[in-house]
Structure formats: structure tokens, C-alpha cells
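1. model the following, please.
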Amino acid sequence: MENLSKVPFHLGIIMDGNRRWARQHGLQAFLGHQNGYETIKKIAEACLDRGIKVLTVYTFSTENNNRPPEEVSFLFDLLRRAVTEEAEELEKLKVKVQFLGRLSELPEDLQKGLQGLMARTKDNTKGVLNVALNYGGQFEIIDAVKKMMADGKTPAEITPELFQNYLYDPAMPPLDLIIRTSGEQRLSGFFIWEATYAELYFSPKLWPDFTSEDLDLALADYAARDRRFGGNSQTAR
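-> Okay, the predicted model is just below:
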């Protein structure tokens, strides 16, 4: 295992490459998502083992709604399965689960399942798993502004601290490290506000091929960095 003397408190992962993985193996895109789902479970547990307290994964963006209807339907079925099958394991691991995004636009039965899992795990304290679902960073900011306007906030009242209170999860700590797989080097709207000082790491691996060893490489790279936060020296959390 690589040097993991300093791990991020909050790790974000943009899980990219499921469909390309499927094409490379001569399979339908659905099977890429299926294998990607299995990878999420392995990596989430590896993060917990390494002392990472908060893991946020980009599961489904608002733009993903533009994919073929049968693919979107399959992804939602995977989520229904996860909500049903993983609840007991999440309880055992003492992990709190949150789904963040425009959840009200999802199928009603799926919304109920998500809300049920969040309620069931809300008091767990060993770790937090945030699942970005029907999420877009620009939409999160727009939704926050709309809520502030509805509350009658004036320009003079608006500060970064106030704005934070109107985000999907006001208590979410800032992202320390963001990993993106598949060799792509962009954020694609992943928690724009929360990623202000996040370190970025880009892995060439397609998400279904990403392993705990690949995670350790990213964490070792992060541990070797000097985070300045706009100042002259590293700031401890």
C-alpha cells in the first residue's frame, strides 16, 4: 500500500467510463453500468477502511437525462435495487447515506425509496456517503439563489456563509480531493461551490476497472501535496 499518512476528510469521485468499458468488452452499455455499480461498493468500503469520513460520488447528472430512455430506465432500476439490497449492509457499516440533486424530478416510487434509505441511515456516524443524483453544480447554485429570494434575502445579507445554508446539504464539508476516472480532465459541474479548493486527480482507468490499489495511488499523490488554500502554507483541517 502507498503512503496514506494523510487522507482527505472529504473525497469526491466522478465515476466516468462505464459505457466505454462496455464497448471495449463488446457489451451493451447496461452491463457497463452494472459493473460500475459493483465498483462503487468496493471503493466505498475501501474509503471507509482508509479513514475517509465523507465520500461523494457522481452517479447521475442532470445532463444524463438526455441519454436513451432505456439506458436511463436501467440506471433508475439499479438505484431501486441498491436502495433495497444495500440498506442492511450500510446499517452494519454505520454509514449515513444522502442523495443530493433535483430529486423531485425523479420517478415517485424511486423518490420514496431514496427518502426511506436516508431516514433509515440518518443517525449513522462512522461515515457519510453522498450520492449526487439528477445533480448539476449550476442547478444547485440556481436552486440556492431561488430559495434565498423566496426567503426575501437582500443583497446586503448574502455572504458565503449564508449561501452555504441554502445548498442541498448545508453541512457538507468542502471537498479535499476529487478523483475523475477514464482520463477525462474536467469537473462536469461536480459540486462547483464545494470544490473551491479541492485537489484534482485524474486516473486513466475506466470506472469499472478502478481498484483499491488505484485509490491508494490517488491518496498517496494527495498526501504528497502542499495545500495552500490561497496562502503560503498548508492549512490543517
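
2. tell me the secondary structure at Pro170.
-> Look at Pro170: counting by DSSP: H, G, I helix; E, B strand; the rest coil, its state is coil.

3. also the one 4 residues further on?
-> Here Pro174 takes the coil state, with states given by three-state DSSP.

4. grab the nearest non-local neighbour of it.
-> Glu194 (5.5 Å; C-beta to C-beta, 6 or more residues apart in numbering). (Each C-beta comes from the backbone N, C-alpha and C, glycine too.)

5. can you tell me which helix in the chain is longest?
-> Using DSSP state H to define each element, the chain has its longest helix at helix 29-49.

6. just the buried positions in that one, please.
-> Using 16 or more other C-beta atoms under 10 Å as the test for burial, helix 29-49 gives 29-37, 39-40, 43-44, 46-48.

7. follow-up on the earlier one: quick check, the residue nearest to Pro174 in a helix?
-> No. Applying three-state DSSP, one finds Glu194 to be coil, outside a helix.

8. in three-state terms, label the residue nearest the centre of the chain for me.
-> The centre of the chain sits closest to Val57, judged by C-alpha atoms, centre = their mean, with a distance of 2.0 Å. The three-state assignment at Val57 reads strand, by three-state DSSP.

9. how near is it to Val131?
-> Going from Val57 to Val131 by C-beta to C-beta, to the nearest Å gives 6 Å.

10. and for Tyr58?
-> Distance, Tyr58 to Val131, using C-beta to C-beta: 9 Å.

11. same deal with Glu108?
-> From Glu108 over to Val131 (counting by C-beta to C-beta), the distance is 18 Å.

12. so for those two, which residue has more residues nearby?
-> For the pair Glu108 and Val131, the greater number of neighbours falls to Val131 (22 against 8), based on other C-beta atoms under 10 Å.

13. assumed that one was part of a helix.
-> No. Under three-state DSSP, Val131 sits outside any helix and is assigned strand.

14. so how far is Leu162 from the residue of the chain most remote from its centre?
-> Ranking residues of the chain by C-alpha distance from their mean position (C-alpha atoms, centre = their mean) puts Ala156 at the top, at 32.5 Å. Distance, Ala156 to Leu162, using C-beta to C-beta: 11 Å.

15. do the same with Asp49
-> 37 Å.

16. swap in Lys112?
-> 32 Å.

17. same thing with Gly183?
-> The value you get for Gly183 to Leu162, if C-beta to C-beta is used, is 38 Å.

18. likewise for Glu70?
-> To Leu162, Glu70 is 43 Å away according to C-beta to C-beta.

19. do Phe76 as well
-> 35 Å.

20. okay, the two: which has more neighbours?
-> Phe76 (17 against 13).

21. the more buried one touches Asp109, doesn't it?
-> No. Look at Phe76 against Asp109 with C-beta atoms under 8 Å: they stay out of range, at 9.4 Å.

22. which stretches of this structure form helices?
-> Ranges of helices in the chain, per DSSP H, are 18-24, 29-49, 69-85, 87-93, 108-121, 137-150, 160-164, 212-223.

23. what's the offset of the shortest one from the middle of its chain?
-> On the basis of C-alpha atoms, centre = their mean, to the nearest Å, the separation between the geometric centre of helix 160-164 and that of its chain is 21 Å.

24. pLDDT of it, averaged?
-> For helix 160-164, mean pLDDT is 97.

25. what sits up against it?
-> Surrounding helix 160-164, the residues in contact under the criterion C-beta atoms under 8 Å, 6 or more residues apart in numbering are 144, 148, 153, 170, 193.

26. let's see that with 7 Å instead.
-> 144, 170 (C-beta atoms under 7 Å, 6 or more residues apart in numbering).
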